[in-house]
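In: Need the 3D shape of this:
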Amino acid sequence: MRVGFLIERRNYYRLFGPIVERALARGHETECWHDWGQRRTGPKATEFPDTMPSFRHGRPRLRTFRGAADLAAQLAADAPDVMVALARPAGAGEGLRMRWFGLQYTLDVASLLTPAGATRFDALGLHSRYWADHVAASLRIVAFNRARGTGVAPEPVDAAAVAGVVRRRGVVVGTPEMDQAHWIDPAAVRARLGLEPERPVVLYIPFPFKSNPDPFWVRHVYGGGSDTLRRLRVWWRGDARYREHAARGLTDCGTVEAVRAFCDANGAALVVKARGKDPVPRYLARRADHVFYDDAYYPATILELLRISSLCLHFFSTVAYEAAYAGVPSLCLAPDLADLGFPPMWREWFLNLDEGNSWNFPGVIYPITLEEVVRELPRRRIADFPLEPAARAQYVERFVGFDDGKSSDRVLDILESLVEGATAGGAA
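Out: Numbers count the residues shown, from 1 in each chain. Now for the predicted structure:
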């Protein structure tokens, strides 16, 4: 089988890397198609796919293209048997015998099919039954986001049609990204990063100022620069609740100081994992023991750091799924979602603190308010937030899918089946 992987940004290797690895191990002719048609400057310049990582079982063939039209032309001339992608560019592979496999990445499942329930993929790889049941809800969120600011209503979602497509073409494969956690060596990671063998690590995922919505609270209350400027801006706005936030230190600086005090009380290293598009503020860099960006996506820096961590702190981040899989409890630092700028559409099922949801699952992930962070966290112990094995198993099954390190093999089994069906002239 000749299998291709559509790499539009370098960070796609975090998701595709384990599948590429297993394809090489199975002896398949493996190709990575890099999109070199995008800009090399701007917020996502660090994700330009100029290189590929190293693999243990060989080296894929590197193919490059410049945008959708060039991809379509190259596929027409020399297409693999099947292409794995997070989205299918317009016109790519039309009229060819090749198959397309779409892989979900949380809410980006909405890139695999339309609100009307149409898809251009022959099969859809989904994380879990939970996500399969929430495809239509994911589409509603994405349609709402696309419509914001345009003055038009969101495209309606045909839930029945979407459910039909998921039933016919969706397959629960788990989350292939997590497979790599099984072969990451924590001792080797500590040695390479210069971290003491026995010292606990608290992994902190900073507040995503650049990636978040930008309402008044984010800009002038939680962020807002100096305390003097913050209080002036809050006073000018005249919001009593925001004045109280500023007065009580419920700010990013206050959060960082509380996390630093918590680490000191527990003898732990404060390790910060940031992204290139969300640079670390100077005050956080000064208080951290180590700051890491995405040095690599395969093996993924975030999973390497989780494999050596005792606790992870984040703000409603999908890192929670990776932490649970890696066996690390996490705290969801939870500002008010309205203050964060997330509309009710986001809060109906995805971003909320209902028990049993992604961000509140006792024994796995513990929500904590900013007030509790600033006032109480410095006096807490890491052991106050235990990982309960039974709860973790339930969480992983619900949100990640499988816990056996074989999600990539499930994907490859499906790809082989698709190609065999195409060769035999049968339906996908």
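
In: So which residues of the stretch 301-428 of the chain form helices?
Out: Secondary structure of the stretch 301-428 of the chain (DSSP state H, counting those that start in this stretch): helices at 301-306, 319-326, 337-340, 344-347, 370-375, 389-395, 407-423.

In: how about residue 61, what does it touch?
Out: 29-32 (Cβ atoms under 8 Å, 6 or more residues apart in numbering). In this view, the C-beta of every residue, glycine as well, is placed from N, C-alpha and C.

In: what about 10 Å?
Out: When contacts are counted by Cβ atoms under 10 Å, 6 or more residues apart in numbering, residue 61 touches 2, 4, 29-33, 52, 80.

In: how about it, phi and psi?
Out: Phi and psi for residue 61, reported as degrees, to the nearest 10, are phi -80, psi 130.

In: With the one 4 residues further on instead?
Out: Taking degrees, to the nearest 10, you get phi -140, psi 160 for the backbone angles of residue 65.

In: so it touches residue 75, yeah?
Out: Yes. With contact defined as Cβ atoms under 10 Å, residue 65 reaches residue 75; the gap is 8.7 Å.

In: any common contacting residues for those two?
Out: Common contacts of residue 65 and residue 75, defined by Cβ under 10 Å, 6+ apart, comprise 33, 89, 92.

In: nearest to residue 159, of those residues?
Out: Closest approach to residue 159 among those (Cβ to Cβ): residue 89, at 26.6 Å.

In: How many residues are close by the closest one?
Out: Neighbourhood size, residue 89 [other Cβ atoms under 10 Å]: 19.

In: quick one: it and residue 66, what's the gap?
Out: Per Cβ to Cβ, to the nearest Å, residue 89 is found 12 Å from residue 66.

In: Quick check: neighbours shared by these two?
Out: What both residue 89 and residue 66 touch, as defined by Cβ under 10 Å, 6+ apart, is the set residue 35.

In: coming back round to it: closest one of the shared contacts of residue 65 and residue 75 to residue 244?
Out: Each of the shared contacts of residue 65 and residue 75 was scored against residue 244 by Cβ to Cβ, and residue 89 proved nearest at 49.5 Å.

In: where does that closest one land in three-state SS?
Out: Following DSSP: H, G, I helix; E, B strand; the rest coil, the label given to residue 89 is coil.

In: change the start of the numbering to 202 and stick with it
Out: Sounds good: first residue 202 from here, last item residue 290.

In: Quick check: it vs residue 347, distance?
Out: Counting by Cβ to Cβ, the gap from residue 290 to residue 347 is 18 Å.

In: hey, which of the helices of the stretch 502-629 of the chain is tucked in deepest?
Out: Most buried of the helices of the stretch 502-629 of the chain, by mean neighbour count (mean count of other Cβ atoms under 10 Å): helix 520-527, with a mean of 25.

In: Show me what it is packed up against.
Out: The contact analysis (3 or more Cβ pairs under 10 Å, 6 or more residues apart in numbering; DSSP states H and E) places helix 520-527 against strand 402-405, helix 502-507, strand 512-515, strand 531-534, strand 566-569, helix 590-596.

In: List the contacts of the spatially most central residue of the chain.
Out: Nearest to the geometric centre of the chain sits residue 519, at 5.1 Å (Cα atoms, centre = their mean). Residues in contact with residue 519 (Cβ under 10 Å, 6+ apart) are 306-308, 559, 600.

In: Show me the chain divided up by domain.
Out: Domain assignment for the chain, taken from automatic domain parsing, gives 203-376+606-624, 387-601.

In: And residue 599, how far from residue 515?
Out: Taking Cβ to Cβ, one finds residue 599 at 18 Å from residue 515.

In: How about residue 291, nearest residue that isn't a chain neighbour?
Out: Among residues not flanking residue 291 along the chain, residue 269 sits closest, at 5.6 Å (Cβ to Cβ, 6 or more residues apart in numbering).

In: Can I take it that residue 205 is in a strand?
Out: Yes. Assessed by three-state DSSP, residue 205 belongs to a strand.

In: Now that we're looking at it, what pLDDT does it have?
Out: Looking at residue 205, its pLDDT is 98.

In: quick one: contacts for it?
Out: Counted by Cβ under 10 Å, 6+ apart, residue 205 has contacts 224, 230-234, 261-262, 264, 276, 280-286, 294, 299, 301.

In: ok, now with 6 Å
Out: Contacts for residue 205 (Cβ atoms under 6 Å, 6 or more residues apart in numbering) come out as 232, 234, 281, 284.

In: residues near the nearest residue to it once chain neighbours are set aside, how many?
Out: Residue nearest to residue 205 in three dimensions, not counting chain neighbours: residue 281, with 3.9 Å by Cβ to Cβ, 6+ apart. Per other Cβ under 10 Å, the neighbour tally for residue 281 reads 24.

In: Please apply the same query to residue 513.
Out: Neighbour count for residue 513, taken as other Cβ under 10 Å: 29.

In: ok, it touching residue 524?
Out: Yes. If you go by Cβ atoms under 6 Å, residue 513 and residue 524 touch, sitting 4.4 Å apart.

In: which residues do those two both contact?
Out: Joint contacts of residue 513 and residue 524 (Cβ under 6 Å, 6+ apart) are residue 531.

In: what's downstream of the worst-scoring helix or strand of the chain on mean pLDDT, the next helix or strand?
Out: Lowest by mean pLDDT, DSSP states H and E among the helices and strands of the chain is helix 428-438, with a mean of 68. Next helix or strand after helix 428-438 toward the C-terminus (DSSP states H and E): helix 441-448.
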